[in-house]
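>>> Let's see this in three dimensions:
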Amino acid sequence: MGHDHEPRCQGDLCWLLSQGSHNLTTRLAAGLESIGLSPRGHMVLTAALDAEHSQIELARMVGLDKTTMVVTLDELEAAGLAERRPSPSDRRARVIAVTDAGRRKVQEAQRIADEIREEVLSVLDDDEREAFLENLRTIVLEQLAEPTACSQPVRRRRATATAATG
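From the prediction side, this is the model:
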């Protein structure tokens, strides 16, 4: 792909991060689609692997609203990848447990995500890759860790993946 006729916006940090995020998310969605999993489903299953969390806890962990979490869990349950179970500590609450099939699906999805990450970063040599990721991590965790208050807040794009996979 040539760089002779780059639009002016390609020097803009916001545009570069937005475009890169969108295209990486789309590539991941296509890869996960091949195994019948959405990026959102992958994100929820991955978050639920370590311990049994309530729906509310999981929603908070992955940044989903309550309605979207319910729909996602319904899909995961229907596919046999997760189960809602009574909480051992509070019979009124339900916790989310990943099934053995769900664990295998997360492993498959992680292989796909790893392949995509390697493919994307393959344009950089090892030193450049390490420096790029470290610098990006520093920028995101220090300067861009929280959104800035604004009278007209910018809504997130309704994409279904997270940085958790990249």
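
>>> and the gap between A59 and R94?
13 Å (CB to CB, to the nearest Å). (Each C-beta comes from the backbone N, C-alpha and C, glycine too.)

>>> between these two, which one's more packed in?
Each of A59 and R94 has its neighbours counted (other CB atoms under 10 Å); A59 has more, 21 against 17.

>>> isn't there a helix covering the more buried one?
Yes - using DSSP: H, G, I helix; E, B strand; the rest coil, the assignment for A59 is a helix.

>>> What's the separation between it and T25?
20 Å.

>>> Likewise for P86?
For P86, the distance to T25 (CB to CB) stands at 35 Å.

>>> Okay, and Q107 sits in which element?
helix 100-121 (DSSP states H and E).

>>> Please work out the average pLDDT along that helix.
In this model, helix 100-121 has an average pLDDT of 97.

>>> I'd like to know which elements it is packed against.
Helix 100-121 makes packing contacts with helix 13-33, helix 39-48, helix 126-138 when contacts are defined by 3 or more CB pairs under 8 Å, 6 or more residues apart in numbering; DSSP states H and E.

>>> The shortest one vs helix 100-121, what angle?
Between the axes of helix 39-48 and helix 100-121, defined by axes from the mean of the first three to the mean of the last three CA atoms, to 10 degrees, the angle is 110 degrees.

>>> Toward the C-terminus from helix 39-48, list the very next helix or strand.
Past helix 39-48, heading to the C-terminal end, the next element that is a helix or strand (DSSP H and E) is strand 53-54.

>>> Within the sheet, what are the partner strands of that following strand, with directions?
Paired neighbours of strand 53-54 in the sheet (DSSP bridges): strand 94-98 (antiparallel).

>>> Using the three-state scheme, assign the residue lying closest to V154 once chain neighbours are set aside.
Taking CB to CB, 6 or more residues apart in numbering as the measure, V154 lies nearest to P147, with 7.7 Å between them; neighbours along the chain are not counted. Reducing the assignment to helix, strand or coil with three-state DSSP, the entry for P147 is coil.

>>> Pull the number of nearby residues for P147.
Neighbours of P147 using other CB under 10 Å come to 9.

>>> how much space between it and G63?
In this structure, P147 and G63 are 12 Å apart, going by CB to CB.

>>> what does S151 give?
Going from S151 to G63 by CB to CB gives 23 Å.
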